[in-house]
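J.: Curious how this folds, go ahead:
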Amino acid sequence: MNSHFLYIRSLQATEVLGRTAGTDWLASNLIKGHHSVVWDHPKTGKSSLINKALMQIKKGGQDPIVGRLSCFNVRSENALYAALTNKLFHQVANTLGEWEELARALLPVSRPEINVPRFQGEELTLIFEDLTKEATIELAHFPQALATHLNKPVILVLESFQTLVQTRGSVCSDLCHNLSKLWKSMDKVTFLLSGRGSTQSSGHSIYRELFDYGKPFYKFAEHIPLERIEEKEFTDYIIRNFAKAGRVISKDFAEMIYRKMEGHPYYVQCFSDLCFSNTKGYMNQAMFERATEELLEIFRHPFENICRDLSLIQIHFLRALADKEEQLCSQEVLQKYSLISSANVYRARDALEKKAIIETVRKKPVFIDPLFKLWFTESFIKTYWIP
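T.: Numbering: from 1, shown residues only. Sure, this is the predicted structure:
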């Protein structure tokens, strides 16, 4: 039977739970021409929030030109300009004649070749070769030229932005300064930048390296934080979706799902789906525990890979954190978890932050991934031989 829980794709606007205030904030910014940035950890609902905000703009009677691009496989400045231009062409031109007319009007210097599809599923594509300096400038300013030409505002949504502006974990300063200067000059184009706040390779948030004081994009865009989806809204949703298939889950079990996943939207949906699959009529404790085991098994391999690269001190640090120790540098904790010295604690904390396993919230280290925390506590530690 098909699941009623959605976690294998970004949610459409009507499927997004909660986050009304964030949606209103983001939609208002984009309508007013205020650049915005949304960053958070993977699978926390960034794209779904953007879907909801763009739908709200459309329902409000606004009619901007929206170009949406994933920067995941864009690795240079010129490639970005070419990809954005193609995205915008697809939004405003349908036939080959319209593409040719628009290219003649707005790209007279770069004069791109238009690749005509030969097979079903292919699309018209602009091809740029041997761009001169003048042609590159023309291409870079195309979004502004298009907005002026059609007398319509343009909204450009750049997702996975961090992959474009970093090389080997470091920010490409020249590229960032070029883009910041260029985009600030466009008064008819609004930018929405989005991406994961940290990765296993880059560690701490690359977006802070871009938007903090003195950084290339300082004061360029307003940060829109992702709201937490309220427990009641999520538990009501879980109960409702069970009922659609004639199955029953109590409020207590729905709350247990939410709390065990600490409200993480992707994991709550995934865990709910496993509970749903294990339930034939009424959800019970055995079904809940079976779903928990299945969830931990699904993610066992990536979590084992994370732990494989940890030093003994880092593992001991995480054990103390999982046990909710508050005073990590106290003699009692240092001795109990074989951390030896406070210097080791600080080194382990810094290394784990760089590996994007923990982050510091209100001056306290916490696990970033609630499911990794659960697996580490209930699977790894229980089978780990402490030297």
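J.: State the number of residues packed around Tyr218.
T.: Tyr218 has 12 neighbouring residues, counting by other C-beta atoms under 10 Å. No exception for glycine: its C-beta is placed from N, CA and C like everyone else's.
J.: The one 5 residues further on too?
T.: Counted with other C-beta under 10 Å, residues neighbouring His223 total 12.
J.: Distance-wise, check the nearest residue to it once chain neighbours are set aside relative to Phe234.
T.: If the residues on either side of it in the chain are set aside, His223 comes closest to Val37, at 5.4 Å by C-beta to C-beta, 6 or more residues apart in numbering. According to C-beta to C-beta, to the nearest Å, Val37 stands 26 Å off from Phe234.
J.: one step back: ok but the residue nearest to His223 is inside a helix, no?
T.: No: assignment of Val37 by DSSP: H, G, I helix; E, B strand; the rest coil gives strand, placing it outside any helix.
J.: Settle it for me: which of Val37 and Phe234 has more neighbours?
T.: Between Val37 and Phe234, counted using other C-beta under 10 Å, the more crowded position is Phe234 (23 against 20).
J.: That one contacts Phe271, doesn't it?
T.: No: in terms of C-beta atoms under 8 Å, Phe234 does not count as a neighbour of Phe271; the distance is 11.0 Å.
J.: coming back round to it: now do the contacts for the residue nearest to His223.
T.: Residues in contact with Val37 (C-beta atoms under 8 Å, 6 or more residues apart in numbering) are Leu192, Leu193, Ser194, Tyr207, Phe211, Phe217, Ala221, Glu222, His223, Ile224.
J.: Now the phi/psi pair for the first one, please.
T.: Meaning Leu192. phi -120, psi 110 (degrees, to the nearest 10).
J.: how deep is the nearest residue to it once chain neighbours are set aside tucked in, by neighbour count?
T.: Of all residues not flanking Leu192 in the chain, Val157 sits nearest, at 4.6 Å (C-beta to C-beta, 6+ apart). Residues within reach of Val157, counting by other C-beta under 10 Å, total 23.
J.: doesn't Val157 fall inside a strand?
T.: Yes: assessed by three-state DSSP, Val157 belongs to a strand.
J.: Now for it: which residues touch it?
T.: For Val157, the contacting residues are Ile50, Leu54, Val66, Gly67, Arg68, Leu69, Leu192, Ser194, by C-beta under 8 Å, 6+ apart.
J.: now Ile257: how far from Ile127?
T.: Taking C-beta to C-beta as the measure, Ile257 falls 50 Å from Ile127.
J.: Compare neighbour counts for the two and give me the winner.
T.: Ile257 (24 against 10).
J.: if we can go back for a sec, what pLDDT does the model give the residue nearest to His223?
T.: As predicted, Val37 sits at a pLDDT of 93.
J.: now Leu88
T.: Looking at Leu88, its pLDDT reads 96.
J.: Would you verify that it is located in a helix?
T.: Yes: per three-state DSSP, Leu88 lies within a helix segment.
J.: Find me the pLDDT at the nearest residue to it once chain neighbours are set aside, would you?
T.: Ranked by C-beta to C-beta, 6+ apart and with sequence neighbours excluded, the top spatial neighbour of Leu88 is Gly67, at 4.7 Å. At Gly67, the pLDDT value in this model is 94.
J.: Check Gly197 too.
T.: 69.
J.: what does Ala103 give?
T.: Predicted confidence (pLDDT) for Ala103: 95.
J.: Same check on the one 3 residues further on?
T.: For Leu106, the pLDDT comes out at 96.
J.: again, but for Trp385
T.: Confidence at Trp385, expressed as pLDDT, is 56.
J.: Please apply the same query to Ser205.
T.: pLDDT, Ser205: 67.
J.: before we move on, what about the one 5 residues further on?
T.: The score at Leu210 is 86. That number is its pLDDT.
J.: quick revisit: so of the contacts of Val37, which ones are in strands?
T.: Applying DSSP state E to those, the entries found in strands are Leu192, Leu193, Ser194, Glu222, His223.
J.: all strands of the stretch 101-250 of the chain, in order?
T.: Using DSSP state E, counting those that start in this stretch, the strands of the stretch 101-250 of the chain run over 113-115, 125-127, 154-159, 166-167, 170-171, 189-196, 222-223.
J.: Show me the one of those strands that comes nearest Lys43.
T.: Checking the strands of the stretch 101-250 of the chain against Lys43 by C-beta to C-beta gives strand 189-196 as the closest, at 8.9 Å.
J.: Quick check: which ranges of the stretch 251-387 of the chain have low pLDDT?
T.: Applying pLDDT under 70 to the stretch 251-387 of the chain flags the ranges 384-387.
J.: Distance check, Ala243 against Phe271.
T.: Applying C-beta to C-beta, the value for Ala243 to Phe271 is 18 Å.
J.: Neighbour count for these two, which is higher?
T.: A side-by-side neighbour count of Ala243 and Phe271, using other C-beta under 10 Å, places Phe271 first with 25 against 12.
J.: Can you name the residues bridging to the residue nearest to Leu88?
T.: Beta-bridge partners recorded for Gly67 (DSSP bridges): Leu156.
J.: dump the residue contacts of it.
T.: The contact partners of Gly67, by C-beta under 8 Å, 6+ apart, come to Leu84, Lys87, Leu88, Gln91, Pro143, Val154, Ile155, Leu156, Val157.
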